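Participant: With the input below, show me the fold.
(one chain, ligands or ions: 1)
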Amino acid sequence: MTAFSSRSFSTADLVDEHGDQLWVCDTQFRQFGGERVFSGRVRTVACYQDNRLAKQVLATPGEGAVLVIDGRGSLHTALSGDLIARSAADHGWAGLVINGAVRDSAVLAGLPIGIKALGTTPRKSAKAGTGQLDVPVGFGGITFHPGDLLYADDDGVVLLAG
Ligand SMILES: O=C([O-])CC(=O)C(=O)O
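Facilitator: Okay, here's the model as predicted:
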């Protein structure tokens, strides 16, 4: 089995093996999902306190991908709660990496999906649909491009160019 096989990896081992070919995200995420180790191809949403685009894309087949939602670090509104995360799990998404907040965290912990986010708020997001789908997004010192391979565990999030 290679280091990149599903569930056989640790991000620390990947860094040791692949060095400069991997990008390491500096953001100190918290774990919220029921899956603490997850990986997949990157899809992205760029938004600000509005989760309509994320909700829409997470209701389509994920095919094992990870949705990176760049909410510009806002903790003012939650970009996912239990309904969106359950929909994502039901549609075959491997995980969510959210540069922003979640809510319904007690329920998220029981869902079969990886969820990393900055923190929590009970306040919901707007649903106007502002934002962009599958554009490069940057935080934590790296840029996430659609198609990159993302690996996440308790130590962090790392990225291999797709
Ligand atoms: O609808 C929202 O804004 C988020 C939410 O509460 C959920 O996913 O359950």
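Participant: all contacts plus neighbour counts: C-alpha atoms, from now on.
Facilitator: Noted.
Participant: List the contacts of the residue nearest in space to the middle of the chain.
Facilitator: Closest residue to the average C-alpha location of the chain: residue 97 at 1.7 Å, with CA atoms, centre = their mean. Residues touching residue 97, when contacts are defined by CA atoms under 8 Å, 6 or more residues apart in numbering, comprise 66-69, 115-117.
Participant: same deal with residue 82?
Facilitator: Residues in contact with residue 82 (CA under 8 Å, 6+ apart) are 103-105, 107-108.
Participant: who's in contact with the helix or strand encompassing residue 39?
Facilitator: Assigned by DSSP states H and E, residue 39 falls within strand 38-46. Applying CA under 8 Å, 6+ apart, the set of residues contacting strand 38-46 from outside is 6-7, 53-54, 64-71, 94-95, 113-114, 131-137, 144-153, 162.
Participant: Report the next helix or strand after it in sequence order.
Facilitator: helix 52-57.
Participant: Extract the CA atoms of that next one and return them as PDB.
Facilitator: Only the C-alpha atoms of helix 52-57 are listed here, as PDB (Å, rounded to 0.1, in the frame of the first residue of the first chain):
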ATOM      1  CA  ARG A  52     -26.000  28.700  -0.600                       C
ATOM      2  CA  LEU A  53     -23.400  27.700  -3.200                       C
ATOM      3  CA  ALA A  54     -21.800  25.200  -0.700                       C
ATOM      4  CA  LYS A  55     -25.200  23.800   0.100                       C
ATOM      5  CA  GLN A  56     -26.000  23.400  -3.600                       C
ATOM      6  CA  VAL A  57     -22.800  21.700  -4.500                       C
END
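Participant: after it comes which helix or strand?
Facilitator: Proceeding C-terminally, helix 52-57 gives way to strand 66-70 as the next helix or strand, assigned by DSSP H and E.
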